[in-house]
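Novice: model this:
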Amino acid sequence: QVQLVESGGGLVQAGGSLRLSCAASGRTFSGYAMGWFRQAPGKEREFVASISREGGSTYYADSVKGRFTISRDNAKNTVYLQMNSLKLEDTAVYYCAKARLALPGVMSSSSAYDFWGQGTQVTVSS
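Specialist: Numbers count the residues shown, from 1 in each chain. So this is what the prediction gives:
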């Protein structure tokens, strides 16, 4: 079993920044790609960013490209999401997730992930 615990969410003004963290339990963290997803009220969960198991490859949704940065520290079993230039439409619950299979590369489909955190709320105000 893997447990993922997100932190770092909160209330921020438009144009501001937040850094989300996701701490993972278990010794196999470094063997799996990780991803961030988000779900806004009344909307489906959507992909935000993914990072390969060694951290060398990243992939972003078009809506966050150039503003968000995903990174990981395998020594700390932690994945991060640095969010800059936040917009009102970034308001959502943000979830981190662990890839289902120990494969190279990144992945954007939610079906490619098997363990999810409980989520952390990000609210962007005007």
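Novice: So which residue is smack in the middle of the chain?
Specialist: Nearest residue to the geometric centre of the chain (CA atoms, centre = their mean): residue 36, 2.2 Å.
Novice: is it true that it touches residue 49?
Specialist: Yes. Using CB atoms under 8 Å, residue 36 is in contact with residue 49, at 4.9 Å. C-beta: built from backbone N, CA, C; applies to glycine.
Novice: and for these two, which residues touch both?
Specialist: Both residue 36 and residue 49 are contacted by 70, 81, under the criterion CB atoms under 8 Å, 6 or more residues apart in numbering.
Novice: what about the closest residue to residue 103 other than its chain neighbours, neighbour count?
Specialist: In space, residue 103 comes closest to residue 33 once its chain neighbours are excluded; the distance is 7.2 Å by CB to CB, 6 or more residues apart in numbering. By the criterion of other CB atoms under 10 Å, residue 33 has 28 neighbours.
Novice: Can you give me every residue that contacts the nearest residue to residue 90 once chain neighbours are set aside?
Specialist: Of all residues not flanking residue 90 in the chain, residue 124 sits nearest, at 5.2 Å (CB to CB, 6+ apart). Residue 124 is in contact with 12, 13, 14, 16, 86, 87, 88, 89, 90, 91, counting by CB under 8 Å, 6+ apart.
Novice: now with 6 Å?
Specialist: Applying CB atoms under 6 Å, 6 or more residues apart in numbering to residue 124 gives the contacts 12, 14, 86, 88, 90, 91.
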